[in-house]
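**Q** Okay, here's the prediction I keep looking at, along with the sequence it came from:
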Amino acid sequence: LESGRFSGLRTRFPPEPNGYLHIGHAKSINLNFGLGIEYSGATNMRFDDTNPVKEDMEYVNAILSDVRWLRGESGAAAAEPWAGDVRHSSDYFDVFYKAAEYLIEQGLAYVDTLTAEEMKEYRGTLTEPGKDSPDRSRAAEESLEMFRQMRDGELPEGAAILRAKIDMASPNLNMRDPAIYRVRHAEHPITGDAWKIYPMYDFAHCISDALEEITHSICTLEFQDHRPLYDWFLEKLLPSGLLPQSTLETLPRQYEFSRLNLEYTVLSKRKLIQLVQGRKVDGWDDPRMPTICGIRRRGFTPSAMRLFCERIGVSKVDGVIDVAVLEDCARTDLDAASPRAFALQTPLKVTISNWDDCKVEEFEVPRHPKREELGSRTLPFGKTLYIDAEDFNLDPPKGYNRLSPGGRVRLKYAYVIECDEVVKDDAGNVVELVCSYIPETRAGATPEGMKKVRGIVQWLSAEHAVPAQLQLYDRLFKTASPGAESGDFLNDLNPNSLISLDEALVEPSVKADIEGLSEGDEPIRYQFERVGYFCNDVPAAPGAGPSDGLVFNRIVTLRDTWANAKPDPAAAAGAAAAAEAEADAKYKYGGDAKAQRDVPDFLRCELRVGEVLSAEPHPDAEALYIEKVDCGDAEPRTIVSGLARHMAPEALVGKKVVVAANLKPAKMRGTMSEGMILAASTGEGEDEAVELVLAPEAAEVGQRLRLEGEDAAEFLPDEVLKSAGQQKVWKRVVEELNTNAEGELCFGGVKVVAAEGACSSPTLVKADVR
């Protein structure tokens, strides 16, 4: 564009209409359409419909629906995301045919009658050149006549093909006289029975690009070896007058990028078909499937998908993306946009003994804690309520903050209740709690002299609660690389990828929201507080009917529940072997990697005392702070943290904090972060509480923390936890960090201390530390 070679950028998205699109196609869609927008260009929507045997209008409609959803604007009057009309390779069949005849006339193509087996034998191998077909020397006139016989249906399928005449000794197998046309006596969805021959993809693809004046023909890396053929066809056809270009410089160019590989997922069309046909899933739009229609039905948003594509980027290096990246993009998008609501997965009856039988009180509460424009919702409160069974424990452990016999808990937005009696059935199961409420505690109030109640739970009025089914979807496979260890990807299916809770309850405002939807509306996505992100089920596959009753699909959990999952023994052994193999020998122990691996994980990490000098909002992410932290180095470090959602900047400045000081520096929304500030955390969603883990006020800045009773100076930490094996060291350490019953920072039950004393969270006990 800068050189003036092209006046504008034009890309295209050219799927075959022979299947459903998956998340790998989403990367291509976002790349092509995104480039068009970024450079004020355009993107064509073109179906490669050159094989009538495999094409189906069901797929055409599904693909268009997916692209509209992913890249289009909302609203009935929204313009299509592509430029002009939907295009088809079949629009250019006449031009393809003329181009083929031109190549024959120029001695650059010939009709070959070798059988498929003979062609394979003549083609050669990667190490041996091919040999010429006996028909390669066929006269152009004879080839032209036979080609017209193919066109008119006078030759049966397989009797002859048209081949380009290039180089049978080329080291690139794609250049060894590739096929251009084959005989197919099949009816085409658009052209009907007008044609008895159909072009091959490599031939039709480049000519279509040229006819549409595509500037950047973007495809995945498996087509890299096809690029010389792409260029050869266009260069040879340039003098024909069939193409709109007049010089080599203005012809389309092909560019390749790596395809998407995702952990805990399969994207092979063959394997996806096996899942559907083997009834391992409930169709192509099953919310566990990586198809775009499945992802859409699960509840992912187009903006979350675009954020995912932006985060993983584009390169020419094959790699595997952690599916947690996709899930985190969904959380980021949903947290900001989703209204909140109460949902109970396993309801437990609660009777308020000191509440009037007929009295109903209403609480007006916000739909979103940070978005007043979303309005409010009404929660009725009466004598009989439900809480979630998980929020009650007959024999609670020390530090338990939810309801127990004789204990108190706050019903969010309402009152504090105390459990006076537990009712059980004949089998000993708890079926009801008889509680009393404290009137002075309405809407978060704590009367003078009353101890503050720490536990907060959601609740619903029994009279007004609405029955619903919650579909708890999770990853379809239990291993990161399905089939890699077991030999069959079907052996690695996750038996808990779908758990249906048929007796769940949701608040009445949710029912009113869903009843207000019209056909074709996007589903409503909620954060069911302390449960996860959900949306009402709307089947996306053509012909699928709506779900009966209120059904909600879990999009993602509130947190990554797989991050600390313990692998099975075989996987653990494999991970240990991999960690051993990739251990970095460039440690501080004379290059002795084995000696370094014998050092306990905690001592390979460097936790220091740091002092926060400043904290400013990140310019591109409202959930992040950019802090300057004195860690005892020559200059303060820049650290990016996610603390903006939990505390004001002034709550950070001047604090002595615990800093993970030898982590690999990483960019966070464009700013390089040189460490991590540790914080304690309890609860989930809106009930999450986060506090800094503080070093003693008198602690010397920059000193290295140690485990109580041990001498950290005996071992030097790794300089930087940089390699894959080293980064796993930090992950293992984080899994063992928490606060004890006194709020003191511990690793594996042992206190983490400075010379001046223990590090601690002011109020959060038995909390995770991250």
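**A** The structure has been received and is ready for your questions. Numbers count the residues shown, from 1 in each chain.
**Q** Setting the sequence-adjacent residues aside, check what's closest to Thr479.
**A** In this structure, Thr479 finds its nearest non-sequential neighbour in Asp492, 4.6 Å apart by CB to CB, 6 or more residues apart in numbering. Bear in mind the C-beta positions are built from the backbone N, C-alpha and C, glycine included.
**Q** who touches the one you found in this structure?
**A** Each residue near Asp492 by CB atoms under 8 Å, 6 or more residues apart in numbering is listed here: 477-479, 482-483, 485-486.
**Q** try it again with 7 Å
**A** Applying CB atoms under 7 Å, 6 or more residues apart in numbering to Asp492 gives the contacts 477-479, 482-483, 486.
**Q** again with Val693
**A** Shown in contact with Val693 (CB under 7 Å, 6+ apart): 657-658, 678-680, 745, 759-761, 769.
**Q** List just the nearest of those residues to Arg10.
**A** Of all the contacts of Val693, the one with the least separation from Arg10 (CB to CB) is Ala679, at 48.9 Å.
**Q** Of the contacts of Val693, which is the most crowded?
**A** Cys759 (28 neighbours; other CB atoms under 10 Å).
**Q** what helix or strand is the residue nearest to that one when sequence neighbours are not counted on?
**A** Of all residues not flanking Cys759 in the chain, Leu745 sits nearest, at 4.2 Å (CB to CB, 6+ apart). Using DSSP states H and E, Leu745 maps to strand 745-747.
**Q** cool, and Ile555?
**A** Ile555 belongs to strand 551-556 when elements are defined using DSSP H and E.
**Q** Listing partners with orientation, what would you give for that strand?
**A** In the sheet, strand 551-556 lines up against strand 466-473 (parallel), strand 532-536 (antiparallel) (DSSP bridges).
**Q** Among the ones you listed, show me which one is buried the most.
**A** Mean neighbour count (mean count of other CB atoms under 10 Å) peaks for strand 532-536 among these, with a mean of 25.
**Q** Once you drop chain neighbours, what's closest to the most centrally placed residue in the chain?
**A** With distances taken as CA atoms, centre = their mean, the residue of the chain nearest its centroid is Leu326 (1.7 Å). Closest residue to Leu326 apart from its sequence neighbours, by CB to CB, 6+ apart: Phe308 at 5.1 Å.
**Q** Return the distance of the one you found relative to Ile321.
**A** Phe308 sits at a distance of 9 Å from Ile321 (criterion: CB to CB, to the nearest Å).
**Q** now swap in Pro397 and tell me
**A** Applying CB to CB, the value for Pro397 to Ile321 is 38 Å.
**Q** higher neighbour count, the two?
**A** Ile321 (18 against 8).
**Q** Quick check: phi and psi on that one?
**A** phi -90, psi 130 (degrees, to the nearest 10).
**Q** Could you pull up the residues touching it?
**A** Ile321 makes contact with 260-263, 312, according to CB under 7 Å, 6+ apart.
**Q** from those residues, which would you call buried?
**A** Using 16 or more other CB atoms under 10 Å as the burial test, these include 260, 262-263, 312 as buried.
**Q** how about the CA coordinates for stretch 254-270, as CSV?
**A** Output of stretch 254-270 as CSV, limited to C-alpha atoms (Å, rounded to 0.1, in the frame of the first residue of the first chain):
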residue,chain,number,x,y,z
GLN,A,254,-0.5,-15.7,-1.2
TYR,A,255,0.5,-15.4,2.5
GLU,A,256,0.5,-18.1,5.1
PHE,A,257,-0.1,-18.2,8.9
SER,A,258,-0.1,-21.1,11.4
ARG,A,259,-3.3,-22.8,12.0
LEU,A,260,-4.9,-22.8,15.5
ASN,A,261,-4.2,-25.8,17.7
LEU,A,262,-6.0,-25.8,21.0
GLU,A,263,-5.5,-27.9,24.1
TYR,A,264,-8.3,-30.2,25.4
THR,A,265,-9.8,-30.0,21.9
VAL,A,266,-9.8,-31.7,18.5
LEU,A,267,-10.3,-29.7,15.3
SER,A,268,-9.9,-32.4,12.7
LYS,A,269,-13.0,-32.7,10.6
ARG,A,270,-12.7,-36.5,10.7
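**Q** what's the offset of it from the middle of its chain?
**A** 13 Å (CA atoms, centre = their mean, to the nearest Å).
**Q** excluding its backbone neighbours, what's nearest Cys605?
**A** Leaving out its chain neighbours, the residue that sits closest to Cys605 by CB to CB, 6+ apart is Val733, at 5.3 Å.
**Q** now that neighbour, what's its secondary structure?
**A** helix (DSSP: H, G, I helix; E, B strand; the rest coil).
**Q** Leu607 is in contact with that one, correct?
**A** No. With contact defined as CB atoms under 7 Å, Val733 does not count as touching Leu607 (8.9 Å).
**Q** Following element in sequence after the longest strand seen in the chain, please.
**A** In the chain, assigned by DSSP state E, the strand with the most residues is strand 607-618. Proceeding N to C from strand 607-618, the next assigned helix or strand is strand 621-630, under DSSP H and E.
**Q** mind checking how far that following strand is from the chain centre?
**A** Once both centres are worked out by CA atoms, centre = their mean, strand 621-630 turns out to sit 25 Å from its chain's centre.
**Q** what angle sits between that strand and strand 607-618?
**A** Interaxial angle, strand 621-630 versus strand 607-618 (axes from the mean of the first three to the mean of the last three CA atoms, to 10 degrees): 140 degrees.
**Q** which secondary structure elements does strand 621-630 contact?
**A** If contacts are counted by 3 or more CB pairs under 7 Å, 6 or more residues apart in numbering; DSSP states H and E, strand 621-630 sits against strand 607-618, strand 637-641.
**Q** I'd like those as JSON lines, with mean pLDDT appended.
**A** Shown next, in JSON lines, are the helices and strands packed on strand 621-630 (pLDDT from 0 to 100):
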{"stretch": "strand 607-618", "mean pLDDT": "92"}
{"stretch": "strand 637-641", "mean pLDDT": "94"}
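**Q** do you know how far the nearest residue to Ala480 once chain neighbours are set aside is from Ser481?
**A** Spatial nearest neighbour of Ala480, excluding adjacent residues (CB to CB, 6+ apart): Glu263 at 4.2 Å. In this view, Glu263 and Ser481 are 7 Å apart by CB to CB.
**Q** The stretch 451-600 of the chain: helices as residue ranges?
**A** Secondary structure of the stretch 451-600 of the chain, counting by DSSP state H, counting those that start in this stretch: helices at 508-515, 569-582, 593-597.
**Q** so how far is the strand holding Leu745 off the chain centroid?
**A** Computed by CA atoms, centre = their mean, the chain-centroid distance of strand 745-747 equals 33 Å.
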